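Asker: Take a look and give me a structure for this.
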Amino acid sequence: MKTKNILEKLYDYQLKAVDATDRNKKGIVCMPTGTGKTFVQASVIAKEILKNKGKFCVYVINAPRIMLSYQLLKEVYTFLMYAGIDARYMSVHSGGVNDMEDLEKIRVDANHNEGTNIQFAQIENGTSPIIIRDFMKKAKTGDIPAIFFSTYNSADRINDAIPEVKINIVMNDESQYLVQEQFHDIIHTLNSNRCYFFTATTIHTSSDRGRGMNNRDSYGSEIFTITPREAIDMGKMVRPRLHFVIPPIGTTYTKEDFQNSLGSIISEAFAQHSYALVGFQGPRC
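Answerer: Okay, here's the model as predicted:
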């Protein structure tokens, strides 16, 4: 199978984040929204797959919401496809069937434009232990890596279905949600060799023995951090801006008025933002 240089399109700071995971089996990767946390996660998994080429391995990527889980699946799937890395994918949550048509277009385009030769494989979905075990068995029979995309609510289903399997890597996206009592136990549920927590904002508690991300036993240390200021200075994100929507003089807005005017308020904020970025004011309300 033809494979590409999986790191050639990463920025220097993303390469440093990947290197930090190479040197630590557990830890927090803190990167502002929009700086490419998903590419780092995909690269870490891709490197591990290539390191164990021809061997069956298991990877898990957790997220707090179903829509984010779908987004992670699509982005990781795309990354691996264009790198020429074959894998089997399964969503573990109650969100229904994946959009196979969009994913199939990605596979076909990668084969055509990148010279890869990855065959079609159905992407599974469900929370049933029977389905999870059957999915894993098929991947193991073919010596193909299995990648699970789960929500924090459903991640324990993976452990319940395959408790005897040692997971190679667990990724926790938007891991600040894990400080919540309803999600925190998942940190200690999945049996893995390596475990990483990706977030834009770490949440600490007064005690370093609590659920906060300053609990090193649970989360490890911060192995890589890029601040918003650093990302802005590198041109990877724009600085925050305040947008003022000013009602006519003498007008009093109630909560109901505000709710009914959300469309206009968003449109006004968008117009101001466009003007600030490119000097084009656009339509105003």
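
Asker: Quickly find the element holding Val170.
Answerer: Val170 belongs to strand 167-172 when assigned by DSSP states H and E.

Asker: partner strands of that strand, parallel or antiparallel?
Answerer: Within its sheet, strand 167-172 is paired with strand 58-63 (parallel), strand 192-199 (parallel), according to DSSP bridges.

Asker: Show me the helices in this protein, by range?
Answerer: Taking DSSP state H to define them, one finds helices in the chain at 12-23, 37-51, 66-82, 100-114, 129-141, 155-161, 181-184, 216-219, 228-233, 255-260, 262-278.

Asker: My read is that Glu72 contacts Asp173, right?
Answerer: No, residue 72 isn't Glu; it's Leu. Yes. At 6.1 Å, Leu72 counts as touching Asp173 under the criterion of CB atoms under 8 Å. Where you see a C-beta, it was placed from the backbone N, CA and C, and this is true even at glycine.

Asker: related to what we said a few turns ago, between the strands paired with strand 167-172, which one is closest to His273.
Answerer: strand 192-199 (25.3 Å; CB to CB).

Asker: got the angle for the closest one vs helix 37-51?
Answerer: Here the directions of strand 192-199 and helix 37-51 differ by 160 degrees (axes from the mean of the first three to the mean of the last three CA atoms, to 10 degrees).

Asker: Overlap of the contact sets of Leu72 and Asp173?
Answerer: 38, 41, 61, 63 (CB atoms under 8 Å, 6 or more residues apart in numbering).

Asker: wait, what's in contact with the last one?
Answerer: Going by CB under 8 Å, 6+ apart, Ala63 touches 69, 72, 149-152, 173-174.

Asker: gap between it and Lys26?
Answerer: 19 Å (CB to CB, to the nearest Å).

Asker: Neighbour-wise, give me the winner out of the contacts of Ala63.
Answerer: Ranked by the number of neighbours (other CB atoms under 10 Å), the contacts of Ala63 place Phe149 first, at 30 neighbours.

Asker: As a markdown table, the strands paired with strand 167-172 with mean pLDDT and distance to Val278 would be great.
Answerer: Listed next are the strands paired with strand 167-172 as a markdown table, based on pLDDT from 0 to 100; distance: least, CB to CB, whole Å:
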| stretch | mean pLDDT | distance to Val278 |
| --- | --- | --- |
| strand 58-63 | 96 | 33 |
| strand 192-199 | 96 | 31 |
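
Asker: Output the below-cut-off pLDDT ranges for the stretch 101-250 of the chain.
Answerer: Residue ranges of the stretch 101-250 of the chain with pLDDT under 70: 243, 245, 247.

Asker: Number of residues surrounding Ser207?
Answerer: 10.

Asker: returning to what we had before: contact partners of the strand holding Val170?
Answerer: Residues outside strand 167-172 that contact it (CB under 8 Å, 6+ apart) are 41, 44-45, 48, 52, 57-62, 152, 158, 178, 186-187, 190-198.
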